[in-house]
Every structure is written in C-alpha cells, then in structure tokens.
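> Structure for this input, please:
(one chain, ligands or ions: 1)
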Amino acid sequence: MANRRFFGALAATLANDKWGMLECKIRSHFQSGGTESVMLTKSARLWLGLIAAISLLSLASSCTGGGGGNNTNEEPAGPSKPVPTKDAGTITGKVTYAGTAPAPIKIDTSADPACAKASPTLTSEEWVVNNGNLANTFVYIKEGTLADGTKIADYSDPAPSSSVTLDQRGCHYKPHVLGVVVNQNISITNSDPTTHNIHFMPKNNPDWNQSQVNGAPALTHKLSHAEVLVNVKCNQHPWMKSYVGVMKNKLFAVSGEDGSYTISGVPPGKYTVVAWHEGGTTGTQQTMEVEVKPSASATADFKFGAAAELRGQPGSLPVLALEAPLTGKH
Ligand SMILES: [Cu+2]
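Next up is the predicted model:
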C-alpha cells in the first residue's frame, strides 16, 4: 500500500516537478520504511526500472538544491519564461571596501617554472581594491515581485548563444569572477605554456574536472542548474581560483576594477539585490531592497570590508552555505 502511494507520488512528481526532487523522493522512500520494497509487484518493478533510469540522469541534482530548499535561484518547473523586457530599467551602483584593504599576498609559483616565468609577481585576488573600490563582487537579483504582481523567480531566460570565456593566463584565471545563464557555454582557454587542470566543484551540478595541455583547443563546459556561486580551481596550481555564478536569468553583474556594476534589463518591480564577495570560508554577502521604476535606473551601492563587517550592522551577514554553498554539507 505504501508503495502504491509512493509510486503515485512519483508519477505526480514526473508530471510536475524536476528530476532533483524525484531523486530525493526515491532516496527518502528507500531510506525510511522501505522494507516493503522487497515485495514489489510486476508493475512496481517496471516503475522502478523507469525511475532508476531517470534517477541516473539526475545524479547531478541534490536534495537541497533540487528540492526547493532555501535557494530561491532555482529554475521554475515547466518551460522557460523569459524575464519581461517591457519598460525594463537598470540597477547600477558601486561596491566599495570600508577601511584599509588587506594587502595582496604574494603567491609562490615556483612549483611550476612556466608559471614562475610568466607571473613572477602574482598576488592573491581575494580582495582587489583600488582607491576603496572593490572589484570581483557578484551582484544579482535574488528575489522580488514585478510591478504586475508576478514573481521574478517564475521567470528564466534561455541561455544566450554567445559563450563566456574563462582564460588561464599567467597561471591565474581571467576573469576571477564571472556569471553565466543556465546552460550557457563557458569557453575555457589555456594561454599558458603549461598544463592546467580546470576543476568545477558545484553542489547542484556535476563535478567537472578536465586537464588541458598547452596549445590544446578550448574546452566547453556548461552548468544546467542555477547555483550561486560555483568554486573553480586548478588541480595543478592550488593558488588558481575562480567563481562562477550560474543564474536562471540575466539579472546579474560583476563589479569592475572601479567597483561599478550595472544590471540591465530589469523589469519594473521591487527586488532583493545581493552582492556576494569571496573571503573567509564561504564568502560574505550584503543585501538591499531596490525598487526599479519603469525604464528608470535605480542605485544600489554596497560596502564590504572590516568596517562593514562588524556584527550587528544591518545588511552584513556571513553566508551560511545557502546562497554561496562553497563548503556545503554534501
Ligand atoms: Cu593551472
């Protein structure tokens, strides 16, 4: 009887939901009270075969990521519905570092002579601050309501046909932080006279680990589930790090060397905007409520740094592996 209910629920899941949720249901069924599973009927076995096949396809999903959880950057069920462009405005602003920025740390690249030669003065990129302006901050719309009452979470843009390039040059990644839309191609190039091994370490997507010798053609990778942000490292050169925000829409930007950013194509509405920056174990984020009027530009400035990270200050919270699961629990 329990199995009948279980398979009925799975059928509903198949019709309405995504594979990650399905896998979670299967897992939880057989982990709790699954003793009846040893007496499956013939039709149940057929179902199980089908489900096992689907489950294999969905190994990339996780219960927290695929099951709805707290991540509001999940793809909605059903066909994609692009973010409306009518009367779209922009969110623009500046990201700054309050107080004295940590001095860049010199990286010892001597383990690879090619790196030592190409980048004798390589330094850490955790905090890139120029005159108080903070680069490499990933700014995105986390959630919100459009002027017509619909939720931004209900929309998802198709992947742009253009790819985003992640270059390995001078034994570091260029850019250090980047964003893509779900299923958008990332072109990975090796501009160095040495071998790199690029390693994507997501939570909601499959692990991906590829060696790329010098002179090899570009590799292409894409991620099929939204995830903010994915850790990327090089297995050859432990100092090489990059962060990739995978979004279901185009409503994101990365602050430049002058700290500025612009998110364009924002439909009129009220949104929670998040600015995420690496640092510490899981990064740090700031949030801000922003209203965008029709065809207008809204401003959202963010402040990081020692002075902004004092406990108790509004809008400055350490990230607890929800939005930026860099050390997630899987
Ligand atoms: Cu490398």
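> Contact distance from the ion - what residues of the protein qualify?
His196, Cys234, Gln236, His237, Met240 (C-beta under 5 Å from the ion). From N, CA and C alone the C-beta is placed, and that goes for glycine too.
> how about 8 Å then?
Contacts of the chain with the ion, taken as C-beta under 8 Å from the ion, map to 112, 115, 168, 171, 192, 194-198, 234-237, 240.
> Of those - the most surrounded one?
When neighbours are taken as other C-beta atoms under 10 Å, the top entry among these is His196 (27 neighbours).
> The residue lying closest to that one once chain neighbours are set aside bridge partners, please.
Closest residue to His196 apart from its sequence neighbours, by C-beta to C-beta, 6 or more residues apart in numbering: Gln168 at 4.7 Å. Assessed by DSSP bridges, Gln168 has beta-bridge partners Tyr173, Asn190.
> wait, doesn't Gln168 sit right on Thr194?
No: Gln168 is beyond contact range of Thr194, at 9.0 Å (criterion: C-beta atoms under 8 Å).
> Contacts only, for Ala300.
By C-beta atoms under 8 Å, 6 or more residues apart in numbering, Ala300 lies in contact with Ile91, Thr92, Gly93, Val139, Val273, Ala275, Met288, Val290.
> Neighbour-wise, which one of the residues you listed leads?
Val139 (28 neighbours).
> Over to that one. Which of the three states is it?
In three-state terms, and counting by DSSP: H, G, I helix; E, B strand; the rest coil, Val139 is strand.
> For it, which residues are in contact?
91, 93, 95, 252-255, 261, 263, 273-276, 300, 302.
> from those, which is closest to the ion?
Taking C-beta to the ion as the measure, the ion lies nearest Val254 of the contacts of Val139, at 21.5 Å.
> And for the closest one, the neighbour number?
Val254: 20 neighbours (other C-beta under 10 Å).
> same check, this time on Thr189
17.
> so it touches Ser163, yeah?
No: the criterion here is C-beta under 8 Å, and Thr189 misses it with Ser163 at 10.6 Å.
> Please list all residues in contact with the residue of the stretch 201-330 of the chain found nearest the ion.
In the stretch 201-330 of the chain, the residue that lies nearest the ion is Cys234 (3.2 Å; C-beta to the ion). Listed by C-beta under 8 Å, 6+ apart, the contact partners of Cys234 are Gln168, Tyr173, His196, Asn197, Ile198, His199, Met240.
> Show the contacting residues for the nearest residue to the fourth one once chain neighbours are set aside.
Counting by C-beta to C-beta, 6+ apart, Asn235 is the residue found nearest to Asn197 once chain neighbours are left out, at 3.8 Å. Taking C-beta under 8 Å, 6+ apart as the definition of contact, the neighbours of Asn235 are Asn197, His199, Asn209, Ser211.
> hmm, try it at 10 Å
By C-beta atoms under 10 Å, 6 or more residues apart in numbering, the residues touching Asn235 are Thr195, His196, Asn197, Ile198, His199, Asn209, Gln210, Ser211.
> Also Pro193?
So Pro193 contacts Pro113, Ala114, Cys115, Lys117, Ala118, Val213, Asn214, Gly215 (C-beta under 10 Å, 6+ apart).
> For the residues you listed, which single residue is the most surrounded?
Cys115 (25 neighbours).
> okay, it: pLDDT?
You'll see Cys115 listed with a pLDDT of 95.
> Count the residues that sit near Glu278.
Neighbours of Glu278 under the rule other C-beta under 10 Å: 23.
> Relative to Leu223, how far out is it?
Counting by C-beta to C-beta, to the nearest Å, the gap from Glu278 to Leu223 is 18 Å.
> so who does the nearest residue to Glu257 once chain neighbours are set aside touch?
In space, and not counting its chain neighbours, Glu257 is closest to Ala135: 4.9 Å by C-beta to C-beta, 6+ apart. Going by C-beta under 10 Å, 6+ apart, Ala135 touches 95, 97, 125, 127-129, 175-177, 254-261, 277.
> Same check on Pro113?
So Pro113 contacts Pro193, Thr194 (C-beta under 10 Å, 6+ apart).
> Isn't Asn249 up against Pro82?
Yes: with contact defined as C-beta atoms under 10 Å, Asn249 reaches Pro82; the gap is 8.0 Å.
> what touches both of those two?
Counting by C-beta under 10 Å, 6+ apart, the residues touching both Asn249 and Pro82 are Tyr155, Ser156, Asp157, Pro158, Gly265.
> excluding its backbone neighbours, what's nearest the last one?
It refers to Gly265. Leaving out its chain neighbours, the residue that sits closest to Gly265 by C-beta to C-beta, 6+ apart is Ala88, at 4.9 Å.
> that older thread, roughly how far does the residue of the stretch 201-330 of the chain closest to the ion sit from Thr123?
Computed with C-beta to C-beta, the distance linking Cys234 and Thr123 is 16 Å.
> now do Ala101
Counting by C-beta to C-beta, the separation of Ala101 from Thr123 is 12 Å.
> same check, this time on Lys250
For Lys250, the distance to Thr123 equals 32 Å [C-beta to C-beta].
> domains for the protein, by residue range?
2-61, 89-323 (automatic domain parsing).
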